[in-house]
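1. Compute the structure for the input listed below.
(3 chains)
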Amino acid sequence: MASVLDPSLSSPTPAEPRVDNYLTHTSGWKSWAFTLDHKRIGLMYLVGISLSLLLGGIFALLLRAELFTPGPTIPGITHDRYNQLFTLHGAVMTFLFIIPGIPAALGNFVLPIMLGAKDVAFPRMNLGSFYLWVGGAIFFLVALVTGGLDTGWTFYTPYSLTTNSSVIAATMGVFILGFSSIFTGLNFIVTIHTLRPAGMTWLRLPLFLWAAYSTSIIQVLATPVLGITLMLLIAERMMKIGIFDPALGGDPVLYQHFFWFYSHPAVYIMILPAMGVISELISTFSRKPIFGYTFIAFSSLAIALLGFLVWGHHMFTSGQSQMSAIVFSSLTFSISIPSAIKVFNWLATMYKGSISLATPMCYALSFIFLFTIGGLTGLFLGALSTDVHLHDTYFIVAHFHYVMVGGTLMAFLGGLFYWWPKMIGKMYNEFWGQVGAWMVFGGFNLTFFPQFVMGARGMPRRYYNYLPEFEFYHQVSTIGAFVLGLGLVIALVVLLRSFKHGKPAPANPWGAATLEWQCSSPPPHDNFSHTPTVGDPYALEAFDYDPKTGGYVPNGKPALVTH
Amino acid sequence: MATATSTTTTPHDTHGHGDHHEHGFAHVISIPILLGTFAVLIALTIFTVWTSTFPLGSWEIPIAMTIASIKAILVGLYFMHMKYDKPINVLAFLSSVVFLALFLGLTLGDAGEYQPEIEAYDSSQAPVPPVAAPAAPTEPTPTH
Amino acid sequence: MSAVADAPGAVEADHGHHDAHHPFQAHHFETMEQQFDSGKLGIWLFLITEVMFFSGLFCAYAIYRVYHPEIFVAGHHFLDKTLGALNTIVLLFSSLTMAWGVRCAQLGQRVGLIVCLSLTLACAGTFMVVKYFEYSHKIHLGLVPAGYFSYKPGDEAHGHGDESHADQHHSDKPEHTGAAKSEFETAPAATAVSAEEADLPRRIGLFFSIYYCLTGLHGIHIVAGMIAITWLLVRAIRGDFGPQYFGPVDYVGLYWHLVDLIWIYLFPLLYLIQ
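-> I've put the predicted structure just below:
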């Protein structure tokens, strides 16, 4: 396999000046503010999304601190303020961090290069998506300072129609963020369809791209429904249209149907890109081609499509009819199948692989463990008889945190540590990277495992006060939250320190076979100085470690597996 | 700015089917097809207004929707070029119709199942007081 | 192994120095055709999002139409079938001129394109004017969303008290913040009657809520289309379009046809009820 390597790919010694890359190509704030370069846009997203994670995290720590004892704990946090804290935590994390998360911050950077293209199909739309994200964030901040939000991130009617908090500002923010999401998805779909280079057939796409594609389908089909739902909510508040307001003859369960038609597929927007990242990480750090490529690829599509059929499982106790409950419950079980297929394929990939516990792999392993727990507990909730008992308890809170944090956040961090050398051109401190990863893992479990137990024992969610029998679990959980927070801070510091203290990164530090490792770290402005040669994205045996550069280089061996 | 403009009307304009790559990369629709489609659309509009003057009972919606759908298909096939376009684009658009049907279907089904509860609520309500503008003192809506 | 040939027209770092590079070809596309195909798929995906965006309103319509048909039977009397049919024909004609305009762009017929775009714009304007009359008439009578519904039978003869509603027809669009409240509240409430006394079903206000939401959102899309078509008109006058580059006309055209499609369904659903 004749790969096309640039002389500039061998990393220069620290004394040599950096070659021209996308970071140095142009300078000045305008070259960033008006950039059309997907890599710069991805970085800007990364900064914004990380700040959102920080903000949402602060809300989480505050509310966990408040829950350390029953009744009022922290002076200044009244029950009303508490409602605001959990609402804002949920809304900021969901809409500003997790839904844009991997596609915007990592996908924008990696997708075109992994595909072998020069940019996404619509670079201006890409920049537009970013500014829409910023606009949505601004509306959220306005809501934060003008009246807060206390409806829960789900904005259920009729309370959201009558509360005095800044529902309109917040929902306008979410509406705008929805457009950001839609345009990103649209861009990715067209890019993957039309900008593939010769030889990049569908079955040669790396699995991260299959995941991104499936996610984009959901973004395009589902997000507009959230848009109209929020528009109707705003119209309800402003013009009293009455569609969801029982006092005017409307139907609040209808609101929930509308809301969850988007919000269930939304959770697959959250997890599918994460699964895509994990497929890349597991293969690379087991030094083995991914097992069951076709199954994993099609399972991403299956999850995307099946995800549209199950939204009613959020409404089992809301007044939905029994018939619907039965239908949605049975459909819900079907989604476990493609998810399980992925998990088994990842494990099979690791089996007899040569596993390296680099930082990204620590996160990937955490993902598999935590996502499995999260996914399995979803089955408890999909079954009607158990859900009636568990709904609106801490069991639910634990379930979705296991899949969203134990799942998506782990994959986000894993992907970030994986692609960081490519994005910034620096290696980070491996030891502290691993420390951070395991601290996050430990802190996470300490925080959320007790919540399964207390939920099953009857502790309701979104409650400011609670019975003394739950105090021990809450205290363990709160301590865990601070450990988790500390772990995340360590991870952040590790990455930030690499700017000044990190070794320059080689083109292919991990020995992966996907196209983004064929260009320099950081990549040049146009991604590839020479058109990349498209091959098997998991032909890891074609690369050997070269101690001189600290990275992997092609060894000329033909790949053993082709698609 | 140099743009290639041409004002020739080539012979293929008179028939509007098949692939025409003489003008690059997209099919050019013919005028007779455009005008013909328009004429049928107007005729169908008149027809649907006419049918609405009869008491059709529960057939009213299916008939009106069928006529509307025929109009929609014509607009789609000819004005929107779906007849001559790449299958992927058509497939993508049709998939949205599928999801629309899914959304409406399941929600309608559920709402239907819990209507008896709504009816029970309605009949247990006292007659509704004036639904005037909020200035009215007997305004029943607890909206603040 | 996949010793695949380089992409056709493989470009070095200094792409953009292609010979015969069309001035409107973006740097990341190899050919104008690739650019056109991308844009085409892109606009179709956008149309999908528009269908799903309206889906919520159609769902609300369906729920209330199926389970509370009495409000539609009562409410549709207040809608003018003739104006609705007129608007339908106006929009269908605008679709014709838009499709014709795309053809002109493809053939490089600059004057034809300008005429077609102008006609489309004129039709859209006509549609909005008719809409304005419809809305102002209803608002005048207090036929407004459920929470502010204040219709009094017999008002058509004497006219409702407050004349200042006439120029407020755009304010029922959801994006306006707070301005909407005031003009609905100024209706004199002294002689308002309950829905039953007016011989109207209990939830009649919801009919108008649905009516305003559906037609209002549709109207917003018409206005957005008008802006896009105006932009196309400016570019057409400049002579930007031709057989190698007509994508934007095609894409805006597709959007416009979708707006027409939505109206094709709205018209019978709202106006043609027995």
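2. how far is the strand or helix carrying C:Cys213 from where the chain is centred?
-> Assigning secondary structure by DSSP states H and E places C:Cys213 in helix C:204-238. Helix C:204-238 has its C-alpha centroid displaced from the chain centroid by 3 Å (C-alpha atoms, centre = their mean, to the nearest Å).
3. Is chain B within reach of it?
-> Yes. Helix C:204-238 lies within reach of chain B by C-beta under 8 Å from any C-beta of the partner chain, at C:Gly205. The C-beta positions use only the backbone N, C-alpha and C, and glycine is treated the same way.
4. So the helix or strand following that helix, near chain B or not?
-> Following helix C:204-238 in sequence order, the next helix or strand is helix C:247-271 (DSSP H and E). Yes. Against chain B, helix C:247-271 shows contacts by C-beta under 8 Å from any C-beta at C:Asp250, C:Gly253, C:Leu254, C:His257, C:Leu258, C:Asp260, C:Leu261, C:Ile264, C:Tyr265, C:Phe267, C:Pro268, C:Leu269.
5. so the helix holding C:Cys213 versus helix C:247-271, what angle?
-> If you take axes from the mean of the first three to the mean of the last three C-alpha atoms, to 10 degrees, helix C:204-238 sits at 160 degrees to helix C:247-271.
6. pLDDT score assigned to residue 135?
-> In the absence of a named chain, this looks at chain A. At A:Gly135, the model reports a pLDDT of 97.
7. actually it's chain C I care about, not the one you picked
-> Value for C:Tyr135, per-residue pLDDT: 94.
8. three-state assignment of it?
-> Classification of C:Tyr135 using DSSP: H, G, I helix; E, B strand; the rest coil returns helix.
9. What separation do you get for it and A:Ile243?
-> Going from C:Tyr135 to A:Ile243 by C-beta to C-beta, to the nearest Å gives 19 Å.
10. so which strand or helix has the closest residue to chain A within chain B?
-> Residue of chain B nearest chain A, by C-beta to the nearest C-beta: B:Glu113 (2.9 Å). Using DSSP H and E, B:Glu113 sits in helix B:87-124.
11. same for that helix, what does it pack against?
-> With contacts taken as 3 or more C-beta pairs under 8 Å, 6 or more residues apart in numbering or on different chains; DSSP states H and E, helix B:87-124 sits against helix A:207-239, helix A:252-286, helix A:322-350, helix C:32-67.
12. Any buried residues in the last one, and which?
-> I take that to be helix C:32-67. C:32, C:34-65 (16 or more other C-beta atoms under 10 Å in any protein chain shown).
13. So which elements touch that helix?
-> helix A:167-194, helix A:207-239, helix A:252-286, helix B:87-124, helix C:69-75, helix C:204-238, helix C:247-271.
14. and the first one, anywhere near chain C?
-> Right, the one you point to is helix A:167-194. Yes. Shown here: helix A:167-194 in contact with chain C (C-beta under 8 Å from any C-beta) through A:Ile168, A:Ile182, A:Leu186, A:Asn187, A:Ile189, A:Val190, A:His193, A:Thr194.
15. Just the buried ones from those residues?
-> A:Ile168, A:Ile182, A:Leu186, A:Asn187, A:Ile189, A:Val190, A:His193, A:Thr194.
16. Now do the contacts for the second one.
-> Shown here is A:Ile182, whose contacts under the criterion C-beta atoms under 8 Å, 6 or more residues apart in numbering or on different chains are A:Gln219, A:Val220, A:Thr223, A:Pro224, C:Thr49.
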